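Undergrad: sequence first, predicted model second:
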Amino acid sequence: MGLVRGQLGPDAIIVATHEDERARDVRITAAVDNDDIDIDVGGEKEPLDVIDQLSDALDLHGTPTPLADKLLTAASHLGIADPTLALAGALDDSFAFVPLPDKRGPKPLMFVGPPGCGKTVSIAKLAVRTRLENNPVNFITTDTLRAGAVEQLTTYARLLKAEVRCAADPVTFVEAVQNAQPDAQLLIDTTGVNPHKTEDMSRLTEFVEAAQVELVLVIAAGGDSIEAAELTQAFQAMKPRRLLVTRLDLVRRLGGMLAAADASGLPFCDVSVTPDIAAGLRTINPVSLARLLLPESAHAASTKSNNAQATGSN
């Protein structure tokens with residue numbers, strides 16, 4: 001109560017408490033009967049309703065309490081009244097964003113992740129984007145164990161007029177990388193692995209260490225925040241460079257996605273928002289992520305406010 005009244009004044013009351021046994025945290029919701037009250041955080045004044053909107057949105061997505069508090073604190077210090085831009089600024093302060101290239105880079109891109117996370121489809125989507133930019137693309141797959149895996153990638157390659165090479169072992173894999181088309185974007189598919197199973201991880205590590213590649217970790221959205229964080233941490237020994245999140249069109253809770261990036265320190269690159277191969281992979285930035293996290297009502301209010309400001313300036 002002392003902390004609450006220190007922030008909100010002597011008339012403040014506690015209206016709700018929430019205990020998170022897993023994180024051993026307690027969240028307290030306090031209020032006063034005064035719509036004009038401001039919260040003083042670090043010397044900055046921020047309208048209570050903006051922070052309230054962000055707090056509700058992050059709670060709705062199941063964001064871990066420590067991460068939610070960090071984002072809310074960052075948003076408060078920015079002093080921005082627009083909820084979308086306030087959250088975008090906080091996300092920009094907490095996460096990195098490095099889009100996947102649509103042409104050949106310094107190293108081939110190797111996509112890794114657990115079974116069923118959407119690696120092969122994500123590779124096909126990136127390949128389509130590459131071809132739409134009139135850049136050549138080729139494939140290598142080390143996924144020779146899963147039934148139909150090679151046929152699936154071969155079908156995509158045929159439509160894109162690209163080449164597919166299969167590599168059942170590290171030696172064949174190195175040869176495939178070395179003999180790939182020099183100017184083509186080289187995308188490498190891998191067998192889905194259980195990150196908590198030593199045998200699976202050891203086999204994948206042999207391929208990763210056999211050639212100079214850049215790892216892209218692929219995870220599916222919608223998982224438990226703790227599980228998502230532990231999953232990405234399990235892949236850390238392989239030193240992935242980017243995080244690609246799939247199935248955003250199928251879920252309504254993105255807290256696991258935030259927890260995974262926060263726990264691993266990996267930058268977001270792209271997200272999959274539709275099963276449509278031709279337009280399914282999109283780059284993401286702080287503003288687009290903020291829009292995914294906030295409800296439509298917040299976007300409408302932001303757009304209305306921005307339009308009013310533009311009209312006033314004109």
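TA: Everything's here; your move.

Undergrad: list the buried residues in whichever strand or helix holds residue 128.
TA: Using DSSP states H and E, residue 128 sits within helix 119-132. For helix 119-132, burial by neighbour count (16 or more other CB atoms under 10 Å) applies to 119-131. In short, each C-beta sits where N, CA and C put it, glycine included.

Undergrad: and the two most separated of those?
TA: Using CB to CB, the buried residues of helix 119-132 span at most 18.8 Å, a distance reached by 119 and 131.

Undergrad: of the buried residues of helix 119-132, closest to residue 296?
TA: residue 125 (25.7 Å).

Undergrad: and the closest one, what does it touch?
TA: For residue 125, the residues meeting the contact criterion (CB atoms under 8 Å, 6 or more residues apart in numbering) are 272, 277, 280, 281.

Undergrad: figure out how far the helix or strand residue 70 falls within is from the centre of its chain.
TA: Using DSSP H and E, the element containing residue 70 is helix 65-78. Chain-centre distance of helix 65-78: 18 Å, with CA atoms, centre = their mean, to the nearest Å.

Undergrad: before we move on, what about stretch 255-263?
TA: 7 Å.

Undergrad: give me the contact list for it.
TA: Applying CB under 8 Å, 6+ apart, the set of residues contacting stretch 255-263 is 58, 61-64, 67, 94-95, 219, 221-233, 243, 245, 266-268.

Undergrad: switch to 6 Å and redo it
TA: 61-64, 67, 95, 219, 221, 223, 225, 228-229, 232-233, 243, 245, 268 (CB atoms under 6 Å, 6 or more residues apart in numbering).

Undergrad: shaky segments in the stretch 201-314 of the chain?
TA: 297-314 (pLDDT under 70).

Undergrad: how about 80 then?
TA: 279-280, 296-314 (pLDDT under 80).

Undergrad: what are the ranges of the strands in it?
TA: 214-220, 242-246, 268-272, 281-283 (DSSP state E, counting those that start in this stretch).

Undergrad: packing partners for the shortest one?
TA: Same thing as strand 281-283. strand 268-272 (3 or more CB pairs under 6 Å, 6 or more residues apart in numbering; DSSP states H and E).

Undergrad: likewise for the third one?
TA: Packed against strand 268-272 by the contact rule (3+ CB pairs under 6 Å, 6+ apart) you find strand 242-246, strand 281-283.

Undergrad: tell me the most buried of the ones you listed?
TA: Highest mean neighbour count of the helices and strands packed on strand 268-272: strand 242-246, a mean of 26 (counted as mean count of other CB atoms under 10 Å).

Undergrad: got the contact list for it?
TA: Against strand 242-246 from outside (CB under 6 Å, 6+ apart): 98, 118, 122, 216-221, 257, 261, 266-272.

Undergrad: adjacent strands (with direction) for it?
TA: strand 214-220 (parallel), strand 268-272 (parallel) (DSSP bridges).

Undergrad: which residues does the closest residue to residue 104 other than its chain neighbours contact?
TA: Closest residue to residue 104 apart from its sequence neighbours, by CB to CB, 6 or more residues apart in numbering: residue 185 at 4.9 Å. Applying CB under 6 Å, 6+ apart, we find residue 185 in contact with 103, 104, 130, 135, 137.

Undergrad: related to what we said a few turns ago, can I get the strands of the stretch 201-314 of the chain in JSON lines including distance to residue 8?
TA: JSON lines is the format used below for the strands of the stretch 201-314 of the chain (distance: least, CB to CB, whole Å):
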{"stretch": "strand 214-220", "distance to residue 8": "39"}
{"stretch": "strand 242-246", "distance to residue 8": "37"}
{"stretch": "strand 268-272", "distance to residue 8": "35"}
{"stretch": "strand 281-283", "distance to residue 8": "41"}
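
Undergrad: residue 289 is nearest to which of those strands?
TA: Here strand 268-272 is closest among the strands of the stretch 201-314 of the chain (CB to CB), at 7.1 Å.

Undergrad: distance from the chain centre to the closest one, please.
TA: 6 Å.
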